[in-house]
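In: Have a look at this prediction, sequence included:
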Amino acid sequence: MTLTQSDIDRELARIRESREKARAEGAPAADHPPRDFRPYRSSVLRHPKQPLVAVQGDPETVELHTPVFGRTDVTAIDNDLTAQHQGEPLGERITVSGRLLDSRGRPVRGQLIEVWQANASGRYAHLRDQHPAPLDPNFTGVGRTLTGDDGSYHFTTIKPGAYPWRNHENAWRPAHIHFSVFGTAFTQRLVTQMYFPGDPLFAHDPILQSVPEPSARQRLVATYDHDLSQPEWSLGYRWDIVLDGPSATWIEEGR
Amino acid sequence: MAERLVAERLAPTPSHTVGPFYGYALPFPEGGEIAPAGHPGTITVHGHVYDGEGAPVPDALVELWQAGPDGSLAGAGGSMRRDPVTGGFLGRNGVDFTGFARIATDADGHWTARTLPPGGPAAAPYISVCVHARGLLHHLFTRVYFPENAEANAADPLLASLDPGRRETLVATAAPSPGTYRFDIRLQGEGETVFLEFR
């Protein structure tokens, strides 16, 4: 039987209800999605059934250190996704700026942020993306940068389009940019997606809705910031990223 | 800009899946080559990623992070060395031990890394593994320990805390030839790999 959007919406509503009930009964707020989230069908066979085993870190724990990235790893235009080809890409030119912070609000400096995204028509420059929307010869949709001394990052790109996927019939992903981020410890590794404000697809998307708390989902949505918009050039969005997980500096300070 | 230390913990940005289309963005040539080119002490660590039905996962991204043979966790930049002229990837510089690998699994769900055996600081050396894939809403951490360190492995706090059946999912097997270690990652079900969380 083909699964429809209404089926998924009903599943999401049931899950929302049981989450609200659990929270009302004092369950703690979860920051991250559960790995087992049935409305996102690909998770069904790909989540461990055994609980994770907790590791208490000491300063010699390998995971409290992190790979090093430096100036050889990026080139000057890597953070401008509109400048990687001969011509201007199609679509709405935007800038995305923000800061990378640890959970105590300290800037995370000199770390690698990588992004990838669909083009303005909602198509990835990936062989397996068969969505019959046009590829853009002037847009690949890959960028990277190192954070500055204040943890800041900056990308110039094109607003990606929404696109269909095969989770269920008539499934559409809200427009998003994929982010991959390193912190000062491997435990802080983060891969996530940034959304755009006011997208009508939010409520129907099992991936965004996998994040349990409305406030946590909101943290994945960038803010339109007119001060970041540039006259005759681009619209500006602001999105700060906060890393989870223990960092080596916590240990040094004795936590 | 003045640093603002917050007493309250800032709420973290939630994780999401890497999705199916990272393949033209995250992997890079020589991503599995951690050992300097031609180093005589090179070992090969490889394996498959399987789902809950035992099917290979062809779209997983495996990241490794480890100490050098001397136990140093300093790492080195240059894993993703770029060509400033073409913007393409130059690959590793052939000299530095970066400690970092990133490998996309192939159609058989297989990944391979060439590296040097990790040294201390831990008594039982290991390679840290971070697994990303479509379907994984949050990445998974595990560790590769080595079979010849039986005594040190027995004293390792993590390994010692596990039932023997589960413990063996974290120890690579020397196969098929000396210097080659197989480490399969089973996301779910029979033989499910032990996955870790850090506190």
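Out: Received the coordinates, thanks. Everything quoted here is computed from the prediction, not taken from an experiment.
In: and the residue sitting nearest the centre point of chain B, helix, strand or coil?
Out: Centroid-nearest residue in chain B: B:Leu64, 2.4 Å away (criterion: C-alpha atoms, centre = their mean). At B:Leu64 the chain is in strand, as set by DSSP: H, G, I helix; E, B strand; the rest coil.
In: Skipping adjacent residues, who's closest to B:Ser72 in space?
Out: B:Gly119 (7.7 Å; C-beta to C-beta, 6 or more residues apart in numbering or on different chains). The C-beta positions use only the backbone N, C-alpha and C, and glycine is treated the same way.
In: so who does that neighbour touch?
Out: Going by C-beta atoms under 8 Å, 6 or more residues apart in numbering or on different chains, B:Gly119 touches B:Ala67, B:Gly68, B:Pro69, B:Asp70, B:Gly71, B:Ser72, B:Pro125.
In: cutoff 10 Å now
Out: By C-beta atoms under 10 Å, 6 or more residues apart in numbering or on different chains, the contact set of B:Gly119 is B:Gln66, B:Ala67, B:Gly68, B:Pro69, B:Asp70, B:Gly71, B:Ser72, B:Leu73, B:Pro125.
In: wait, isn't the last one in contact with B:Val171?
Out: No - under the criterion of C-beta atoms under 10 Å, B:Pro125 lies out of contact with B:Val171, with a separation of 12.0 Å.
In: related to what we said a few turns ago, show me the beta-bridge partners of the residue nearest to the centre of chain B.
Out: Per DSSP bridges, the residues bridged to B:Leu64 are B:Ala101, B:Val129.
In: Of the contacts of B:Gly119, keep whichever come out buried.
Out: Buried members of the contacts of B:Gly119, counted by 16 or more other C-beta atoms under 10 Å in any protein chain shown: B:Gln66, B:Ala67, B:Gly68, B:Pro69, B:Leu73, B:Pro125.
In: Adding pLDDT, write the residues you listed out as TSV.
Out: Shown next, in TSV, are the buried ones among the contacts of B:Gly119 (pLDDT from 0 to 100):
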residue	pLDDT
B:Gln66	97
B:Ala67	96
B:Gly68	96
B:Pro69	95
B:Leu73	93
B:Pro125	96
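In: On the three-state scheme, A:Gly236 is what?
Out: Per three-state DSSP, A:Gly236 ends up strand.
In: So what's the residue count around it?
Out: 18 (other C-beta atoms under 10 Å in any protein chain shown).
In: The closest residue to it other than its chain neighbours: how many residues sit nearby?
Out: Leaving aside its sequence neighbours, A:Gly236 sits nearest to A:Leu228 (C-beta to C-beta, 6+ apart; 2.4 Å). Counted with other C-beta under 10 Å, the neighbours of A:Leu228 add up to 18.
In: and A:Leu228, what does it touch?
Out: Contacts of A:Leu228 by C-beta under 10 Å, 6+ apart are A:Ile94, A:Thr95, A:Val96, A:Ser97, A:Gly98, A:His154, A:Ser234, A:Leu235, A:Gly236, A:Tyr237, A:Arg238.
In: do A:Val62 as well
Out: So A:Val62 contacts A:185-187, B:65-67, B:71, B:73, B:99, B:118, B:121-122, B:125-128, B:143 (C-beta under 10 Å, 6+ apart).
In: Please pick the buried ones from the residues you listed.
Out: By neighbour count, with 16+ other C-beta under 10 Å, those hold A:185-187, B:65-67, B:73, B:99, B:118, B:121-122, B:125-128, B:143 as buried.
In: filter the contacts of A:Leu228 to the buried ones?
Out: Neighbour-count burial (16+ other C-beta under 10 Å) is assigned, among the contacts of A:Leu228, to A:Ile94, A:Thr95, A:Val96, A:Ser97, A:Gly98, A:Ser234, A:Gly236, A:Tyr237.
In: What is the most widely separated pair among the residues you listed?
Out: Distance extremes for these: the farthest pair is A:Gly98 and A:Ser234 at 15.3 Å, using C-beta to C-beta.
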